[in-house]
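K.L.:
quick one, structure for this:
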Amino acid sequence: MSRPAIWTDFRGVLTPPLREGLRTYCEGREFSPDQLGGCLRAIAERHGCPDGMAVLDSGILDERAWTGEIEAELSARYGLDADLSGLGPEWWSDRRLDTAWLDALRTWREAGAFVGMISNLPVDWRGHFAGFAPWGDLFDEVLLSCDAGARKPDTAMFRLAESRSGLPAGDNVLVDDLGDNVAGARAAGWSALLGGGGHTRAAIEHIDSIVRVGAPHQGAGR
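P.N.:
Now for the predicted structure:
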């Protein structure tokens, strides 16, 4: 059997969980993480998207239009006069990475596994992402929705990833912090499991066993 392709999400798996990122961003500001989260959910519903970030990374709104809608929601809901024009650089100033997960990815790659990143990313944040870390030294492939023209959990995103790894669906494994993305990968024939936060240790143990035996068993992680 061939070695598997391990695909990690970026935000929430390689980085701290989204809720922690929201909390860090909101520190010292006039709104709370719960208030910001409520505004993001309202914007998602307005545009028929599964979450607030999807409005941005699917290209429905650019960053300034998106932050403008958040400002309007904060004003209408809570009477707050907030300025989110610097959200992008401020959000990306939190440069923490999960070192245990990063070390595991390096170990699997050294053991012969294909290791890639697959992430939904707004085109407006392409520059922030590129300068975050030396991705080319860490991964065999970095697949971003803003380059691919598709996004998780769409099947097209996983088919493109398969073409990059050169392996069939059942030999690709996704680790993601969002249940919808895990479900989408499984529907595409992949193995998939939750990662990030409290799921990191279990994800490492599961993939350790996969890399030791070669390709994952069909249905692993379900």
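K.L.:
tell me the contacts of the residue in the chain sticking out farthest from the centre?
P.N.:
Of all residues in the chain, G79 has its C-alpha farthest from the mean position, at 31.7 Å, by Cα atoms, centre = their mean. Not one residue lies near G79 by Cβ atoms under 8 Å, 6 or more residues apart in numbering. Where you see a C-beta, it was placed from the backbone N, CA and C, and this is true even at glycine.
K.L.:
just V123 next, same as before
P.N.:
By Cβ under 8 Å, 6+ apart, the contact set of V123 is 59, 146.
K.L.:
OK, contacts around D140?
P.N.:
D140 touches 109, 114-116, 165, counting by Cβ under 8 Å, 6+ apart.
K.L.:
need the single longest helix in the chain, by residues.
P.N.:
helix 63-78 (DSSP state H).
K.L.:
list of residues touching stretch 83-94?
P.N.:
The contact list for stretch 83-94 (Cβ under 8 Å, 6+ apart) reads 15-16, 21, 24-25, 63-64, 67, 70-71, 124-125, 128-129, 132.
K.L.:
would you mind measuring the gap between the ends of it?
P.N.:
End-to-end distance for stretch 83-94, by Cα to Cα, to the nearest Å: 19 Å.
K.L.:
got the buried residues for that stretch?
P.N.:
84, 87-88, 91 (16 or more other Cβ atoms under 10 Å).
K.L.:
as CSV, those with distance to D57 would be great.
P.N.:
Formatted as CSV, these follow (distance: Cβ to Cβ, whole Å):
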residue, distance to D57
L84, 17
L87, 14
G88, 12
W91, 13
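K.L.:
make a markdown table out of these and add secondary structure and pLDDT.
P.N.:
Shown next, in a markdown table, are these (DSSP: H, G, I helix; E, B strand; the rest coil; pLDDT from 0 to 100):
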| residue | secondary structure | pLDDT |
| --- | --- | --- |
| L84 | coil | 95 |
| L87 | helix | 92 |
| G88 | helix | 92 |
| W91 | helix | 91 |
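K.L.:
name the nearest of those residues relative to S209.
P.N.:
W91 (35.3 Å; Cβ to Cβ).
K.L.:
the closest one and C49, how far apart?
P.N.:
Here the distance between W91 and C49 works out to 19 Å (Cβ to Cβ, to the nearest Å).
K.L.:
A100 too?
P.N.:
For A100, the distance to C49 - Cβ to Cβ - is 32 Å.
K.L.:
ok but V13 is inside a strand, no?
P.N.:
No: assigned with DSSP: H, G, I helix; E, B strand; the rest coil, V13 falls outside any strand and is coil.
K.L.:
surely it and D177 touch.
P.N.:
Yes: in this structure, V13 is within contact of D177 by Cβ atoms under 8 Å, at 5.3 Å.
K.L.:
neighbour count winner among those two?
P.N.:
V13 (25 against 22; other Cβ atoms under 10 Å).
K.L.:
run a quick neighbour tally on the nearest residue to the more buried one once chain neighbours are set aside.
P.N.:
Sequence neighbours aside, G196 is the residue nearest to V13 in space, at 4.1 Å (criterion: Cβ to Cβ, 6 or more residues apart in numbering). G196 sits with 24 neighbouring residues when counted by other Cβ under 10 Å.
K.L.:
these two touch, right, G196 and L97?
P.N.:
No: contact criterion Cβ under 8 Å: G196 and L97 do not qualify, at 11.5 Å.
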